[in-house]
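**Student:** everything below, folded, please.
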Amino acid sequence: MITRFLGRVFSGRLFRPPQPKIIPFSEHGIARDAISACALRVTQTLQRHEFSAFVVGGAVRDLLLGRRPKDFDVATDATPEDVRGLFRRSRVIGRRFRLVHVMCGPETVEVSTFRGPNVMEEGDERVADEHGRILRDNVFGSQEQDATRRDFSINALFYDPASQEVWDYHDGVADLKKRRLRMIGDAEARYREDPIRMLRAVRLAASRGLEMDAATRKPIRRFVDLLAHVPPARVLDEMLKLLLSGHSAQCVEQLRDEGLHRGVLPLLEATMGQPLGQRFVMAALRSTDERMLAGKPVSPGFLFAALLWPEVLAAWRAFEEQGENSIPALYHAMERIVDAQREKLAIPHRFTADMKEIWGLQPRLLQRSGRRPYRLLEHPRFRAGYDFLLLRCASGEMAPEIGEWWTRFQHAGEAERAGMLVQEGAPGRRRRRRKRRRHGGGGEGGQHGGETKAEG
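**Tutor:** All right, here's what the predicted structure looks like:
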């Protein structure tokens, strides 16, 4: 199969396979004990059965940057069936390109067969759509071809644990030293093949402190609409990686700089154009980054709730001004904004359900009299609603004393709690107070200290 591709011209990019620069351990310093036990076992088993096997891509890149990789991928010349036969706890996945997941205890290593060029033989199924996006990719090839098929030079790096050598096909190590993100081949063609690469470029540049070279960056703004042709599940997966990268604040800023937010979070433009909305979103993103970098759990539902809240709040106020009662207006606003967002990024129901619960708790957190605060403490989503309230206080949307009240109330004894309850006044005063406090009283409250946890 491989030989039928040799000597073919494929878009002028794969005709002459590059020869790797083989970098010894003495120059790169990555010891084999930096590789996870499962990835080491997978490469050793494949090599013992006379297959090539390398740790590849993002893990090698991150080790060279001095970072601990989140996961380890392996590339090999063994077919998926070969790999499946060598590992009892494994399964073949994927339709666009078949992969094997090998499980070792709690760790999973993704094993891919070296990919070859997408060349259409007579009678073959169509491999790309009218926009150039690759639909079928089960074409195996050589290691050199696989390196060229990868997106960025810094991801075309192969590490052999046996020899502790790095094989560098496209000067990725030099690019890392220059803090440069560079697409392999023609950037326009590569984005057409897979528009997700545009989101990946933003994520890698922002989270690894890299700068896109001019040729890599130039086509992005023109190609934003190509994201509409990508399966929603893939867009969501890449957006979650971006938002949970530990550098979501920088990633979202760069999304806007490149115009990519229009393809995934179009409502963000209106939000970030308002000082209050921008402060709220950036406070939420910074809080998320702090938790991710500290190894604490983060709820995607909480994060999406924060990103869309300024638009929900604006719609809520608009519906109230049209004469709707406060709570029905809030739920009307929720549906309106979730439906509008769904046109670009279909947030799964499991996340939208969490988002709506968090939003729905906000007016209840303003009710600080009678038995209502006690009942709210028992609500299963109280902590998420409270953390969301603290973000509203920190951004200046709400008066900080409301968040401070709930912080004290949670930890106070029964006698102190009873003394903290807000006393209801006369009927007329109650109506005026409800009107003033419906959204928390507004105002430019100061920054509220303490931890804001993006968790459920």
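
**Student:** lowest-pLDDT helix or strand in this structure?
**Tutor:** helix 427-437 (a mean of 45; mean pLDDT, DSSP states H and E).

**Student:** give me the nearest residue to K356, chain neighbours excluded.
**Tutor:** M334 (5.3 Å; C-beta to C-beta, 6 or more residues apart in numbering). Glycine gets a C-beta too; all of them are placed from N, C-alpha and C.

**Student:** what's the distance between F388 and P373?
**Tutor:** 16 Å (C-beta to C-beta, to the nearest Å).

**Student:** ugh, wrong one, I meant H247
**Tutor:** 37 Å.

**Student:** who has more neighbours, the two?
**Tutor:** Neighbour count, other C-beta atoms under 10 Å: between H247 and P373, H247 has more, with 23 against 20.

**Student:** number of residues surrounding the residue nearest to K356?
**Tutor:** Neighbours of M334 (other C-beta under 10 Å): 20.

**Student:** pLDDT score for it?
**Tutor:** For M334, the model assigns a pLDDT of 97.

**Student:** shouldn't it be within a helix?
**Tutor:** Yes - counting by DSSP: H, G, I helix; E, B strand; the rest coil, M334 is found in a helix.

**Student:** residues in contact with it?
**Tutor:** V312, M355, K356, W359, G360 (C-beta atoms under 8 Å, 6 or more residues apart in numbering).

**Student:** residues touching Y159, list them.
**Tutor:** I30, I35, F54, V55, V56, A59, V60, L63, E165, V166, W167.

**Student:** 7 Å instead, please
**Tutor:** I30, F54, V55, V60, V166 (C-beta atoms under 7 Å, 6 or more residues apart in numbering).

**Student:** dump those residues to JSON lines, plus distance to G277.
**Tutor:** Below are the contacts of Y159 laid out as JSON lines (distance: C-beta to C-beta, whole Å):
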{"residue": "I30", "distance to G277": "44"}
{"residue": "F54", "distance to G277": "46"}
{"residue": "V55", "distance to G277": "43"}
{"residue": "V60", "distance to G277": "40"}
{"residue": "V166", "distance to G277": "45"}
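
**Student:** now, those residues that are in helices?
**Tutor:** V60 (DSSP state H).

**Student:** quick one: the strands in the stretch 151-300 of the chain?
**Tutor:** Counting by DSSP state E, counting those that start in this stretch, one finds strands in the stretch 151-300 of the chain at the ranges 157-160, 165-168, 180-181, 211-212.

**Student:** closest to Q47 out of these?
**Tutor:** strand 157-160 (8.5 Å; C-beta to C-beta).

**Student:** what about the helices in the stretch 51-200 of the chain?
**Tutor:** 58-64, 80-86, 143-149, 172-177, 187-193, 196-207 (DSSP state H, counting those that start in this stretch).

**Student:** can you add mean pLDDT, mean neighbour count and distance to A294 and give the ones you listed back as TSV?
**Tutor:** Below are these laid out as TSV (pLDDT from 0 to 100; neighbours: other C-beta atoms under 10 Å; distance: least, C-beta to C-beta, whole Å):
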stretch	mean pLDDT	mean neighbour count	distance to A294
helix 58-64	97	23	19
helix 80-86	96	18	36
helix 143-149	94	23	36
helix 172-177	97	18	26
helix 187-193	95	20	35
helix 196-207	96	23	16
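
**Student:** which of those helices sits closest to D339?
**Tutor:** helix 196-207 (23.0 Å).

**Student:** and the closest one, what does it pack against?
**Tutor:** strand 180-181, helix 187-193, strand 211-212, helix 232-243, helix 248-258 (3 or more C-beta pairs under 7 Å, 6 or more residues apart in numbering; DSSP states H and E).

**Student:** would you tell me which of these gets closest to F87?
**Tutor:** Here helix 232-243 is closest among the helices and strands packed on helix 196-207 (C-beta to C-beta), at 24.5 Å.

**Student:** quick one: buried residues of the closest one?
**Tutor:** V235, L236, E238, M239, L242, L243 (16 or more other C-beta atoms under 10 Å).

**Student:** and what of stretch 385-402?
**Tutor:** 385-400, 402.

**Student:** now do the buried residues in the top helix by length along the chain.
**Tutor:** If you go by DSSP H, the chain has its longest helix at helix 300-321. The neighbour-count criterion (16+ other C-beta under 10 Å) identifies 300-317, 319-320 as the buried residues of helix 300-321.

**Student:** before we move on, what about stretch 270-281?
**Tutor:** T271, M272, L276, G277, R279, F280, V281.

**Student:** R88: which of those residues is nearest?
**Tutor:** V281 (46.9 Å).

**Student:** give me every residue that touches that closest one.
**Tutor:** For V281, counting by C-beta under 7 Å, 6+ apart, the contacting residues are T271, M272, A306, L307, P310.

**Student:** the same query, at a cut-off of 8 Å, please.
**Tutor:** V252, L268, T271, M272, A306, L307, P310.

**Student:** and of the residues you listed, the nearest to S287?
**Tutor:** A306 (8.5 Å).

**Student:** excluding sequence neighbours, find me the nearest residue to the closest one.
**Tutor:** A306's closest residue in space is A284 (C-beta to C-beta, 6+ apart), at 3.5 Å.
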